[in-house]
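In: When you get a sec, could you give me coordinates for this:
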Amino acid sequence: MNVKINKNIFQTKVLTDKKSQAIGMMGKTFDESFNGLLFLMDGDRQCFWMKNCIIPLDIIIIKNNVISKIHHDCPPCDEDYCPNYCGEGNIVLEIEGGTCDEFGIEEGDTVHYLF
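Out: Numbering: from 1, shown residues only. As a prediction, this is how the structure comes out:
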């Protein structure tokens, strides 16, 4: 599925089950087949961490098709304790760290889903 924010389109892998969501970007990098992970979550508050990730990520939390929170350039973590990045919403988009700043993506921007 593609996700459009402003004029920017991201080719995403959609994660809907708990197991794939728990793994997320652990040990992975983006490639030519996808440049974002889209998490379709239960509940209204989400918290993510960067445990065993290998690249920095922008974590975008979406509520009612509007960006409610962006955590910019979250660093990988290989410690036993890793910071949590939380916000209100039921959809989360992870993209390469720094992308939001580079493309001018901000909280309050509308998100469109292209099937």
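In: what's the weakest-modelled helix or strand in this structure?
Out: When each helix and strand of the chain is scored by mean pLDDT, DSSP states H and E, helix 18-23 comes last, with a mean of 95.
In: Return the distance of the helix or strand following that helix from the chain's centre.
Out: Note on helix 18-23: by DSSP states H and E, the next helix or strand toward the C-terminus is strand 36-40. Distance, stretch centre to chain centre, for strand 36-40: 6 Å (Cα atoms, centre = their mean, to the nearest Å).
In: Which strand residues bridge the residue positioned nearest the centre of the chain?
Out: In the chain, the residue lying closest to the centroid (Cα atoms, centre = their mean) is Glu94, at 2.0 Å. Assessed by DSSP bridges, Glu94 has beta-bridge partners Leu37, Ile59.
In: quick one: contacts for it?
Out: Shown in contact with Glu94 (Cβ atoms under 8 Å, 6 or more residues apart in numbering): Gly24, Met25, Gly36, Leu37, Phe39, Phe48, Leu57, Asp58, Ile59, Ile60. Every C-beta, even on glycine, is put in place using the N, C-alpha and C of the backbone.
In: If we use 10 Å, what do you get?
Out: 10, 12-13, 15, 24-25, 30, 36-39, 48, 50, 53, 55, 57-60, 71, 74 (Cβ atoms under 10 Å, 6 or more residues apart in numbering).
In: try Met26
Out: Applying Cβ under 10 Å, 6+ apart, the residues near Met26 are Met50, Lys51, Asn52, Cys53, Ile54, Pro76.
In: all strands for the chain, in order.
Out: Using DSSP state E, the strands found in the chain span residues 2-5, 8-15, 36-40, 45-48, 57-63, 66-74, 85-88, 91-96, 111-114.
In: Out of those, which gets nearest to Phe103?
Out: strand 8-15 (4.9 Å; Cβ to Cβ).
In: if I look at Gly98, how far off is Val14?
Out: 23 Å (Cβ to Cβ, to the nearest Å).
In: can you check Phe30 too?
Out: 15 Å.
In: For these two, indicate the residue with more neighbours.
Out: Phe30 (18 against 15; other Cβ atoms under 10 Å).
In: Now that one. Nearest residue, chain neighbours left out?
Out: In this structure, Phe30 finds its nearest non-sequential neighbour in Glu96, 6.0 Å apart by Cβ to Cβ, 6 or more residues apart in numbering.
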